[in-house]
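>>> Here's a sequence, model it:
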Amino acid sequence: MQIFHHIASLRDALKKERMAGKRIGFVPTMGNLHQGHISLIDRARETNDIVVCSIFVNGLQFGLNEDWDKYPRTFENDCQKLRDANCDFLFHPDDVEMYPNGMDTQTRVICPTMTDVLCGASRPGHFEGVTTVVSKLFNIVQPDEAVFGIKDYQQLAVIRRMAEDLCMPVQITAGDIAREADGLAMSSRNGYLTEEERPKVICLNQALNWAKEQIEQGRKDFDAVREEAIKQIEDTGFRIDYFSICDSKTLEMAAVDDKQITILGAMYTGGARLIDNISLSLD
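Model (predicted):
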C-alpha cells in the first residue's frame with residue numbers, strides 16, 4: 001500500500017493508473033478503522049481495479065463541544081488493517097493540506113435539503129462540513145465509484161444529492177451496516193461506551209426492528225409507533241436524540257402511502273452519541 005500526505009503526489013500516482021485504464025474506487029474515512037470500514041474497502045474492491053482510502057479527521061464537520069480533540073487517532077493500526085484488506089493507496093493529509101487558506105475562510109458546499117433534520121438538527125453545520133470535505137476529496141481522487149456506509153444514512157442521502165446536483169461523475173454506492181454479534185452497529189464511538197452501558201445499547205437496534213415489524217404488520221399510526229419506540233429506549237436509561245420514520249429518499253416524515261421507508265434513531269449514552277437505521281419496502 002502506498003501512503004500519500006500531499007494532494008499533488010496522489011494525483012500523479014492516480015493519473016498513471018487512470019491512463020492505464022484502471023477503474024478507481026474510493027472509501028473516505030476519519031480513521032480508527034473497524035470491520036465496518038474494512039467491509040467498505042472490500043466492497044470497493046469488487047468493482048474497481050484500484051482502491052483508495054482516505055483518513056482525515058475533518059474539523060469542519062465537528063461543532064462546538066463535540067469530540068474532535070478526543071476523536072481516536074490510530075494511524076499505525078489503521079494502516080495495518082488497510083494493508084491486510086489489500087488497499088492500494090492511502091491518502092492521509094493534514095489540516096494545512098486540506099484547508100490551505102484556513103477553515104474559517106474555506107469555500108463551502110451547502111445542500112439546502114435534508115441537512116437541518118435528524119442529525120442535522122442536533123449538529124448545526126455538520127453536513128456543511130461533510131459535503132465540503134467530500135467534494136474536495138472527490139476533486140482530489142476523481143474516483144469512478146465512492147463507497148459510504150449506510151449506517152450514516154442521512155450522510156449517504158446528502159452526498160447522493162450533492163453528487164446529483166453538482167453533476168459529479170462518480171457513482172455513490174452504499175455499503176451494508178457491519179454489526180456486532182448482538183446487533184450493535186459498529187462505530188468508532190463504541191469505544192466510548194462503559195462496561196455497564198455496552199450490553200444495554202442494543203436497545204436502539206431493538207427499537208428500530210420493533211418499529212419495522214409493526215409497520216410491516218400494517219400499522220399506519222407512525223406517530224404512535226414512534227412514541228412507543230422512544231419509550232422502549234428511554235426505559236433502558238438512555239436519552240433519545242431522535243427517532244423518525246421517514247421517506248427513504250427525501251427523509252421527510254413518512255406518509256401512510258409511502259412504499260420505501262427508513263426508520264432512523266439516535267441516542268446519547270454517558271460519553272457517546274450512537275446512530276442506527278433500518279429500511280423496509282412495502283408492496
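
>>> Could you report the neighbour count for Leu82?
For Leu82, the count of nearby residues is 24 (other C-beta atoms under 10 Å). For every residue, glycine as well, the C-beta is placed using N, CA and C.

>>> Give me the pLDDT value at it.
Looking at Leu82, its pLDDT reads 98.

>>> next one: Ile202
Ile202 is assigned 97 on the pLDDT scale.

>>> so who does it touch?
182-184 (C-beta atoms under 8 Å, 6 or more residues apart in numbering).

>>> Show me which of the residues you listed is closest to Gln214.
Nearest to Gln214 out of the contacts of Ile202 is Gly183 (C-beta to C-beta; 17.6 Å).

>>> Break down this structure into its strands, ranges please.
For the chain, the strands defined by DSSP state E occupy 2-4, 24-29, 50-55, 89-91, 145-149, 171-175, 239-247, 260-268, 273-281.

>>> Now do the buried residues in the helix or strand of the chain with the lowest mean pLDDT.
Ranking every helix and strand in the chain by mean pLDDT, DSSP states H and E puts helix 119-122 at the bottom, with a mean of 92. By neighbour count on 16 or more other C-beta atoms under 10 Å, the buried set for helix 119-122 is 119-120.

>>> could you dump that helix to PDB, C-alpha only?
The C-alpha trace of helix 119-122 is given here as PDB (Å, rounded to 0.1, in the frame of the first residue of the first chain):
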ATOM      1  CA  CYS A 119     -28.600  14.500  12.900                       C
ATOM      2  CA  GLY A 120     -28.500  18.000  11.300                       C
ATOM      3  CA  ALA A 121     -31.000  19.300  13.900                       C
ATOM      4  CA  SER A 122     -28.700  18.500  16.800                       C
END
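
>>> distance between the ends of stretch 133-148?
14 Å (C-alpha to C-alpha, to the nearest Å).

>>> What are the buried residues along that stretch?
Neighbour counts over stretch 133-148 (16+ other C-beta under 10 Å) mark 133-138, 140-148 as buried.
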